[in-house]
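>>> predicted model, plus sequence, below.
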Amino acid sequence: MAQAVANDHGEHSGPKTHGAPGHPPTSLGLNNRKLGLWTFIGNETLFFTALITTYLVMKPRNIALGGPHPQEFLGITLTAILAFILLMSSLTMVLALAAVERDDQRGTRLWLGATILLGLMFLGGQAYEFNKLWHEEFTTLQITNADGTTERTSVPTHDEAEGIAALQREHPGAQIAPYPNPQEAVKPVTWTTSLFGTTFFTMTGFHGTHVAIGVVWLTIVLIMSFRGAISSRNSLTVELVGLYWHFVDLVWVAIFTLIYLI
Amino acid sequence: MAQHSAPQADLAHMPHDHAGASVRTYVNIFIVLFVVTAIEVAASWLSDIGVPEWGEIAVLVLLAVVKGILVVAFYMHLRFDSRWFRGLFIAAFCIAVFMVTAFLLLWTYKRTVGGLVV
């Protein structure tokens, strides 16, 4: 019969088990905390799916209403860098877990710190993007097609010439002119000025909030590590924050493709 | 100090923590993720060189799925962890895919039948 001994903190010093610390093994042999986090991740998957679905459903309506086309002003360069930063942070996170499992305290702190730093860089990049979008001015245009039908569209004012050239390539033979009714001009993209703004900022804002929560959680674990409260015996503490962090990365994988690239 | 014992049979059924994943594996996975992301960015211009839009979307979604599987399987250790966790996540993912597909089809259908532009 194997012996699993729990210390004063309820941590096992015997064979690694998936039972809750300080309690007998569960009937499924699963750790309660880990099961709880995976259930939470399943729930969060559906939460973000709802936000992404809303964006995708509203996207063509936003364009049909003359709202700005996302590809005209969402920068792939910045978001590709942000995607790289999050992928990098996933690597540092998993390296922190590997370090704590071999009781490498210095490595644990180094990689946890690197993950926090990369998370903060991501948040800084997102803040920059939000600020840029929020203050972007648009020029509203009317496209008169060869068959006489008209459409309303918009291009970023600072890049108007290139935007018009792109529209002319998309609509051969069409006439493109300033929109005749200034009152219906497309407004800057904020949370309330267009379907795109509402769905985009809600979705990416919630993702950014999750990143911020992850950074706070990681910081708490890092402080615990400095106080000597993290070791291979309770590596699950690092594993759980890691699972959450990788999920946040996973959501960005979906957002990056579905929102920025497509 | 609390002390308790666990039956051998219970311990035998408890899945071992991410056995099989090493630091080298983690770094290799990162390199693959980085390369796939670079390919994704390049693939986003496929429609500009004459590839149909549906083709570009299919390639991008496929690449994103590859990235997602790598993250979940290796970084989140589902490949090595309990099948219960795997089932939990796969169930949520299947519902998510159904949700996206159903809503997109529903709204497209509604727009077509109504003859509405928006």
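Everything's here; your move.

>>> tell me which helix or strand of chain B sits lowest on mean pLDDT?
For chain B, counting by mean pLDDT, DSSP states H and E, helix B:8-13 ranks last in confidence among helices and strands (a mean of 37).

>>> where in chain B is pLDDT low?
Along chain B, segments meeting pLDDT under 70 span B:1-20, B:109-118.

>>> ok, which stretches of it are helices?
Applying DSSP state H to chain B gives helices spanning B:8-13, B:23-43, B:53-70, B:83-114.

>>> format those as CSV; extra columns: distance to chain A and mean neighbour count.
In short, each C-beta sits where N, CA and C put it, glycine included. Output for the helices of chain B, formatted as CSV (distance: least, Cβ to the nearest Cβ, whole Å; neighbours: other Cβ atoms under 10 Å in any protein chain shown):
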stretch, distance to chain A, mean neighbour count
helix B:8-13, 5, 13
helix B:23-43, 4, 16
helix B:53-70, 4, 16
helix B:83-114, 4, 14
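
>>> now for the helix or strand residue A:237 falls within, which elements pack on it?
Assessed by DSSP states H and E, residue A:237 sits inside helix A:236-255. The contact analysis (3 or more Cβ pairs under 8 Å, 6 or more residues apart in numbering or on different chains; DSSP states H and E) places helix A:236-255 against helix A:32-64, helix A:76-101, helix A:105-134, helix A:195-226, helix B:53-70.

>>> domains in the chain, by residue range?
Using chain A. Following automatic domain parsing, one gets these domains for chain A: A:32-136+A:188-261, A:138-184.

>>> chain B, not that one
Domain segmentation of chain B under automatic domain parsing yields B:1-81, B:83-118.

>>> who's in contact with residue B:92?
A:41-43, A:45-46 (Cβ atoms under 8 Å, 6 or more residues apart in numbering or on different chains).

>>> ok, and the closest non-adjacent residue to whichever residue of the stretch 1-150 of chain A sits closest to chain B?
Residue of the stretch 1-150 of chain A nearest chain B, by Cβ to the nearest Cβ: residue A:42 (3.5 Å). Here the nearest residue to residue A:42 in space, its sequence neighbours aside, is residue B:92; by Cβ to Cβ, 6 or more residues apart in numbering or on different chains that works out to 3.5 Å.

>>> residues in contact with the residue nearest the centre of chain B?
Central residue of chain B (Cα atoms, centre = their mean): residue B:68, 3.2 Å from the mean position. Contacts for residue B:68 (Cβ under 8 Å, 6+ apart) come out as A:250, A:253-254.

>>> adding neighbour count, write those residues out as JSON lines.
Supplementary listing: those in JSON lines, determined by neighbours: other Cβ atoms under 10 Å in any protein chain shown:
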{"residue": "A:250", "neighbour count": "23"}
{"residue": "A:253", "neighbour count": "25"}
{"residue": "A:254", "neighbour count": "21"}
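
>>> would you turn those residues into CSV with pLDDT?
Output for those, formatted as CSV (pLDDT from 0 to 100):
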residue, pLDDT
A:250, 96
A:253, 95
A:254, 95
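
>>> distance to residue A:211 added to these, as a markdown table?
What follows is those, written out as a markdown table (distance: Cβ to Cβ, whole Å):
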| residue | distance to residue A:211 |
| --- | --- |
| A:250 | 12 |
| A:253 | 14 |
| A:254 | 14 |
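
>>> tell me the one among these nearest to residue A:103.
Ranked by distance to residue A:103 (Cβ to Cβ), these are led by residue A:250 at 28.7 Å.

>>> isn't that closest one right up against residue B:71?
Yes: taking Cβ atoms under 8 Å as the definition, residue A:250 is a contact partner of residue B:71 at 5.3 Å.

>>> in JSON lines, list the helices of chain B along with distance to residue A:219.
Formatted as JSON lines, the helices of chain B follow (distance: least, Cβ to Cβ, whole Å):
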{"stretch": "helix B:8-13", "distance to residue A:219": "34"}
{"stretch": "helix B:23-43", "distance to residue A:219": "22"}
{"stretch": "helix B:53-70", "distance to residue A:219": "27"}
{"stretch": "helix B:83-114", "distance to residue A:219": "26"}
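
>>> out of those, which gets nearest to residue A:191?
Among those, helix B:83-114 comes nearest to residue A:191, with 22.0 Å by Cβ to Cβ.

>>> report the angle between the axes of that closest one and helix A:32-64?
In terms of direction (axes from the mean of the first three to the mean of the last three Cα atoms, to 10 degrees), helix B:83-114 departs from helix A:32-64 by 20 degrees.

>>> and helix B:83-114, how far out from the chain's middle?
Relative to the chain's own centre, helix B:83-114 is displaced by 14 Å; criterion: Cα atoms, centre = their mean, to the nearest Å.
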